[in-house]
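1. Model the following, please.
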Amino acid sequence: QVQLMESGGGSVQPGGSLRLSCAASGSIYNINVMGWYRQAPGKQRELVSTITDDSSANYADSVKGRFTISRDNANNTVDLQMNSLKFEDTAVYYCYVRARRFRFMNYSNYWGQGTQVTISS
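-> Numbers count the residues shown, from 1 in each chain. The predicted model follows:
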């Protein structure tokens, strides 16, 4: 199996910063995509940012220019630097990985348990 360990959530004031980290471990042959999704109360889970194994990054329009995703392929980690945080960024943030466990297996999606990010004054 593939396990995802998230860290870095918390509570900050508007305009503040947080950094989320996620480490993938377990039986992993390679990871194609790593990233972050979020789910606010009463809303559907939505894409925040993803990054491919060749470092091609994708961002939701709502976080462009404020969030930066980075990845360490050697250690199977992905970080999300979140700056200029707004009230509307409050949500549970989920680490996401698209990986295959063995060379001839299909890719599967894996999710972390989620980490709470709260923006409040």
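2. dump the residue contacts of the residue nearest the centre of the chain.
-> For the chain, the residue nearest the mean C-alpha position is Trp36 (2.4 Å; CA atoms, centre = their mean). By CB atoms under 8 Å, 6 or more residues apart in numbering, the contact list for Trp36 reads 20, 22, 48-50, 69, 78, 80, 93-96. Every C-beta, even on glycine, is put in place using the N, C-alpha and C of the backbone.
3. quick check, it in a strand?
-> Yes. Per DSSP: H, G, I helix; E, B strand; the rest coil, Trp36 lies within a strand segment.
4. got any ranges where the protein has weak pLDDT?
-> Applying pLDDT under 70 to the chain flags no residue at all.
5. now the strands for it?
-> Ranges of strands in the chain, per DSSP state E, are 2-7, 10-12, 18-26, 30-39, 46-52, 57-59, 67-72, 77-82, 91-100, 108-111, 115-119.
6. Okay, now the sheet partners of the second one, with direction.
-> Meaning strand 10-12. strand 115-119 (parallel) (DSSP bridges).
7. now the partner strand against strand 30-39, angle please.
-> Strand 115-119 runs at 40 degrees relative to strand 30-39, counting by axes from the mean of the first three to the mean of the last three CA atoms, to 10 degrees.
8. buried residues in strand 115-119?
-> For strand 115-119, a neighbour-count test (16 or more other CB atoms under 10 Å) marks 115, 117, 119 as buried.
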